[in-house]
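> have a look at this prediction, sequence included:
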There are 2 protein chains.
Amino acid sequence: MKPSELIDLNPILTDRVRLAIMTTLYASEDPVEFNSLLDTLDLTKGNLSSHIRKLEEVGFVEVTKEFVDRKPKTTYLCTAEGKKELLSYLNTLENLLSKITKQ
Amino acid sequence: MKPSELIDLNPILTDRVRLAIMTTLYASEDPVEFNSLLDTLDLTKGNLSSHIRKLEEVGFVEVTKEFVDRKPKTTYLCTAEGKKELLSYLNTLENLLSKITKQ
DNA sequence: TAGACTGGTTTGTATAACAAACTAGTATGG
DNA sequence: CCATACTAGTTTGTTATACAAACCAGTCTA
């Protein structure tokens, strides 16, 4: 684990907001609603929307749109690849930590 | 460790390049030269220069400029606060990892 | 002493993050 | 019904950031 390898970290996940979104989705078995994310992460709707869009574009998040009680309801789920990449990202940083702290 | 706390991650350190710089400096007892960073991290000079500037502005890196053999020589050292913040940053992510992996 | 090299910094550009304004539809009140 | 307010987001415009190209001051070399 050389510092230069950090440059290879997935840029999608380096953003704090997207990391928080991914973590939330990772931790949930069930699909998570837009407003739920909005509450727990305390973002504006536009900001959340655009981050989610990016995560969807790279295939880390699966978006489902349906109508419930005649109202639109959008939910998000972490894909297998998203989980894999999140773990990989965090593992890289954990390795780094243990490298620089041990002795 | 809630996902929402990720939003508090120090934005200075979320950047991959700055994380790599800080790690390199953290690991070195001695001051590190500009060109050394340039080589190990494979960046352009302008890019490295501006990232270093930011790290200096927030007090994570100490910059020393001197002349050696009549040529300018700039070296960088990780400050105590820089070390503290780097560890804190990595610890936060490690906690997150252990949280989401221990089912 | 002209041209190339060193060790950076400044400047311009493309991308990214963010919030404000907007859209489409639903519920509520008079 | 018609207007007003609310829900559930998306689009658009602005600000900030990352990056590389161009630049600069000084040194070395032929």
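Received the coordinates, thanks. Residues are numbered from 1 along each chain as shown, chains lettered A, B, ... in the order given.
> can we go C-alpha only for contacts and neighbour counts from here?
Noted.
> interface residues of chain A facing chain B?
Neighbours of chain B within chain A, by CA under 8 Å from any CA of the partner chain: A:3-9, A:11, A:14-17, A:19-21, A:23-24, A:26-27, A:40-42, A:87, A:90-91, A:93-94, A:97, A:100.
> inside helices: which ones of these?
Counting by DSSP state H, the part of these found in helices is A:11, A:14, A:16-17, A:19-21, A:23-24, A:26-27, A:40-41, A:87, A:90-91, A:93-94, A:97, A:100.
> what stretches of chain A score poorly on pLDDT?
Counting by pLDDT under 70, the ranges of chain A that qualify are A:103.
> at the geometric centre of it, which residue sits there?
Centrality entry for chain A: nearest residue to the mean C-alpha point is residue A:22, 1.9 Å, by CA atoms, centre = their mean.
> just checking, it touches residue A:78?
Yes. Between residue A:22 and residue A:78 there is a contact under CA atoms under 8 Å: 7.0 Å.
> buried subset of the residues of chain A next to chain B, written for ChimeraX?
Per 16 or more other CA atoms under 10 Å in any protein chain shown, the buried members of those correspond to this ChimeraX selection:
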select /A:3,4,6,7,9,14,15,16,17,19,20,21,23,24,26,41,87,90,91,93,94,97
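> which ones, among the residues of chain A next to chain B, also lie beside DNA strand C?
Restricting the residues of chain A next to chain B to those touching DNA strand C (CA under 7 Å from any atom of the strand) yields A:15, A:17.
> spatially nearest residue to residue A:4 (excluding sequence neighbours)?
Closest residue in space to residue A:4, ignoring its immediate chain neighbours: residue B:41 at 4.9 Å, by CA to CA, 6 or more residues apart in numbering or on different chains.
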